[in-house]
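Undergrad: Give me a 3D structure for the following:
(4 chains)
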Protein chains: 2
Amino acid sequence: MSAEESPGKRRRGPSMADVARLAGVSGQTVSRVANDRHNVDAETRERVRAAMNQLGYRPNSAARALRNGEYRSIGVIVFELHSFGTTRTLDAIATAATMRGYSINLVPVLDVTQSAVTNAFGRLGEQAVDGVIILIEAHTLDAAGVRLPEGLSVVVVDSSAHYDYPIVDTDQRQGARLATEHLLDLGHKTVWHLGGPPTSFAADRRRRSWEQTLIDHGREVPPVYDGDWSATSGYEAGCRLAEDDQVTAVFVANDQMALGLLRALYERGLAVPDDVSVVGFDDMEEAAHFWPPLTTVRQTFTEVGRQSVDALIAEIHSGEHHKAPVAVPTELIIRKSTAPPSDRN
Amino acid sequence: MSAEESPGKRRRGPSMADVARLAGVSGQTVSRVANDRHNVDAETRERVRAAMNQLGYRPNSAARALRNGEYRSIGVIVFELHSFGTTRTLDAIATAATMRGYSINLVPVLDVTQSAVTNAFGRLGEQAVDGVIILIEAHTLDAAGVRLPEGLSVVVVDSSAHYDYPIVDTDQRQGARLATEHLLDLGHKTVWHLGGPPTSFAADRRRRSWEQTLIDHGREVPPVYDGDWSATSGYEAGCRLAEDDQVTAVFVANDQMALGLLRALYERGLAVPDDVSVVGFDDMEEAAHFWPPLTTVRQTFTEVGRQSVDALIAEIHSGEHHKAPVAVPTELIIRKSTAPPSDRN
DNA sequence: CGCGCGAATGTTGACGTAAACATCGACGCG
DNA sequence: CGCGTCGATGTTTACGTCAACATTCGCGCG
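TA: Numbering: from 1, shown residues only, chains lettered A, B, ... in the order given. Predicted structure coming up:
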């Protein structure tokens, strides 16, 4: 730090008053220039701009927020950034919010204990945000019995109608049907399912839609194997699945578990897709490079992010939420991990 | 929204004054209770607490920030959350910051054009943050010629001594040496390298350390293949690598590219590790489930996040930065993708 | 008994901004 | 020429919090 700086205490930046003094105008005029009001003389405006640059003036957002009663900031509650979907959605939300002139306040829930969740929401109440997007699997909230601070707009990204907040999410139902029907169309008698954790509404939706699709087509519904989204859990479930030589087609609830499944099958000497066809969900970048490249259901996270931000901002401004859930459609990406069944044994 | 609420305009939350009135004390006493000062009578404290709960009082962080001249908030500049490392580091930073009582303001750079970067930093100036952690590959900054707002504390997470800010990062040098020596120890004559993009200092460090290690052991330094961290770029480089039957061992600059490489080798009928040994970098969860499970260099992102937050907070409070870069050590995780060379052809 | 000290509580003001209102001068029109 | 209007600018004030200073009261001690 340079010598001119008084040590220890950081000096505050220049305020409107400083700029006003230098430009020889009143503070209010500076405010008008900063906010691009039209009723300022062109010459005056220039003078003020020059003074701002010279001093390196930056509006103080705390003062502005205090004055306006609005932070132009959105809180995003996440549990952890380990899952591909959460990460991607967060990215999309951040982008959308930025374009709409809002900044993002990331609020991590440190662990799933009730106190940690309650704690995160408590912090949120003190946070400078106008609204909140919740990216946590909703059952977790349920379990914690959290009450959100009142008077705060909320949007939940999950496939549950349980909450009294607007919901935005991928159309899990349609995606799961797409995957299941693809396998049936290839000629498989039925389709096994490796599902996500029971705490997740998204996982629940995918499972139910898979089941319904089988029923609609008059097929048998095999027992479900459960994972927790991780490749490791997929591997473990895969080891059990591989023992059953009835299995010719599996719909996996996400790509990471599908990877684990592929490994399990491979280790058992089962070929994909010759012995078993596999479909994932998400279409993470890596999926195209799994061995074999994975057929999967692509989610458009960008759209989910955009829609949640839009819904939240609308709610912030109107003060009331439109309840109709938004479902963003998916797309089936067919690669090499699916093929018609061939006799095995 | 319930009927009692006046429509359209959202009411502000209760303030200290409201609590004070209800509890029959002065605002200052409420402030003392809110901040856990000791000099408040136990009975009074209880009365104030009760009033707070009844009204659902939340301190207004904007007013607090304005008053105290401190936001207790950290800005994190990210380019995109596509790379595993960035995501993980962000997660760790968020966790560390939360534990230290700071909140996280996520500032995405929408694209790599100069204007977008400059723009992001401009926004940052108006953001309510005490300091900034930069998670962008530093060359990108370079190219944009960005000047950070003055009087803002900054920590850069990257392996460059170029900038005049404190640096925290994984010890790339040590990690790359670990990987390279592991392959040499197995008996490989030399080690090929599939590097990251030239814009990344981290990639640069890994490449140089790999090269130096080979030189130290008196080995030949083969030409470098470059990727951009993505599995796809790893696949493309892999296709070219596979043509050269001299190649028996490859050190890849990250796991995602390694996945692409594995696929390329597999498609060409080359077995890993029998024909070619592969080592990655990062140790993403999935790496253990690649086929074969990937030997890789594990980064402790948690530590990187913690250290950057600590460094930043220290800088915020002292007003001056200690320049000594922090290098967080790595660990070699040996799995199935590496083995001694066997004659091929 | 009175003095002083410290603990509990109250009062005032300032942080930086911007809405609301006030002022001032130029200009058009009857 | 006087009045009204409108555009440019200045003045006041409040947003919610908390440090600093003021006040009050009880208690110990000489």
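Undergrad: Quick check: residues of chain A near DNA strand C?
TA: A:12, A:15-17, A:27-28, A:31, A:34-35, A:59-60, A:63-64, A:66-68 (CB under 7 Å from any atom of the strand). Where you see a C-beta, it was placed from the backbone N, CA and C, and this is true even at glycine.
Undergrad: elements contacting the helix or strand where A:Val19 lies?
TA: Element membership of A:Val19, judged by DSSP states H and E, is helix A:16-23. Packing partners of helix A:16-23 (3 or more CB pairs under 8 Å, 6 or more residues apart in numbering or on different chains; DSSP states H and E): helix A:27-34, helix A:42-55.
Undergrad: just checking, what packs against the first one?
TA: This points to helix A:27-34. helix A:16-23, helix A:42-55.
Undergrad: That one to helix A:16-23, inter-axis angle?
TA: If you take axes from the mean of the first three to the mean of the last three CA atoms, to 10 degrees, helix A:27-34 sits at 90 degrees to helix A:16-23.
Undergrad: Just the buried residues of helix A:27-34, please?
TA: A:Thr29, A:Val30, A:Ser31, A:Arg32, A:Val33, A:Ala34 (16 or more other CB atoms under 10 Å in any protein chain shown).
Undergrad: Check stretch A:200-208 too.
TA: Buried, per 16+ other CB under 10 Å, within stretch A:200-208: A:Ser200, A:Phe201, A:Ala202, A:Ala203, A:Asp204, A:Arg205, A:Arg206, A:Arg207.
Undergrad: now stretch A:113-129
TA: A:Val117, A:Asn119, A:Ala120, A:Phe121, A:Arg123, A:Leu124, A:Gly125, A:Glu126, A:Gln127, A:Ala128, A:Val129.
Undergrad: ok so, going back, want to try a markdown table for the helices and strands packed on helix A:27-34, with mean pLDDT and mean neighbour count as columns?
TA: As requested, the helices and strands packed on helix A:27-34 are arranged in a markdown table below (pLDDT from 0 to 100; neighbours: other CB atoms under 10 Å in any protein chain shown):
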| stretch | mean pLDDT | mean neighbour count |
| --- | --- | --- |
| helix A:16-23 | 94 | 18 |
| helix A:42-55 | 93 | 15 |
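Undergrad: Redo those helices as CSV? Include distance to DNA strand D.
TA: Formatted as CSV, these follow (distance: least, CB to the nearest atom of the strand, whole Å):
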stretch, distance to DNA strand D
helix A:16-23, 7
helix A:42-55, 4
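Undergrad: Could you dump those into TSV with distance to B:Met99 added?
TA: Formatted as TSV, the helices and strands packed on helix A:27-34 follow (distance: least, CB to CB, whole Å):
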stretch	distance to B:Met99
helix A:16-23	36
helix A:42-55	36
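Undergrad: of the residues of chain A next to DNA strand C, closest to A:Asp158?
TA: A:Asn68 (31.5 Å; CB to CB).
Undergrad: What ranges does chain A have for its strands?
TA: Under the criterion DSSP state E, chain A contains strands at A:73-78, A:103-108, A:131-134, A:153-156, A:168-170, A:192-195, A:224-226, A:249-252, A:277-282, A:295-298, A:326-328, A:331-333.
Undergrad: Out of those strands, flag the one nearest A:Arg49.
TA: Of the strands of chain A, nearest to A:Arg49 by CB to CB is strand A:103-108, at 24.1 Å.
Undergrad: Check which helices and strands the closest one is in contact with.
TA: Using 3+ CB pairs under 8 Å, 6+ apart: strand A:103-108 touches strand A:73-78, helix A:84-99, helix A:114-126, helix B:84-99, strand B:103-108.
Undergrad: Just put the ones you listed in TSV and tack on distance to DNA strand D and mean pLDDT.
TA: Shown next, in TSV, are those (distance: least, CB to the nearest atom of the strand, whole Å; pLDDT from 0 to 100):
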stretch	distance to DNA strand D	mean pLDDT
strand A:73-78	16	92
helix A:84-99	24	93
helix A:114-126	9	76
helix B:84-99	19	93
strand B:103-108	15	92
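Undergrad: quick one: which of these is nearest A:Ala51?
TA: Taking the helices and strands packed on strand A:103-108 one by one with CB to CB, strand B:103-108 is closest: 26.8 Å.
Undergrad: Mind listing the strands the closest one pairs with, and their directions?
TA: According to DSSP bridges, strand B:103-108 has the following sheet partners: strand A:103-108 (antiparallel), strand B:73-78 (parallel).
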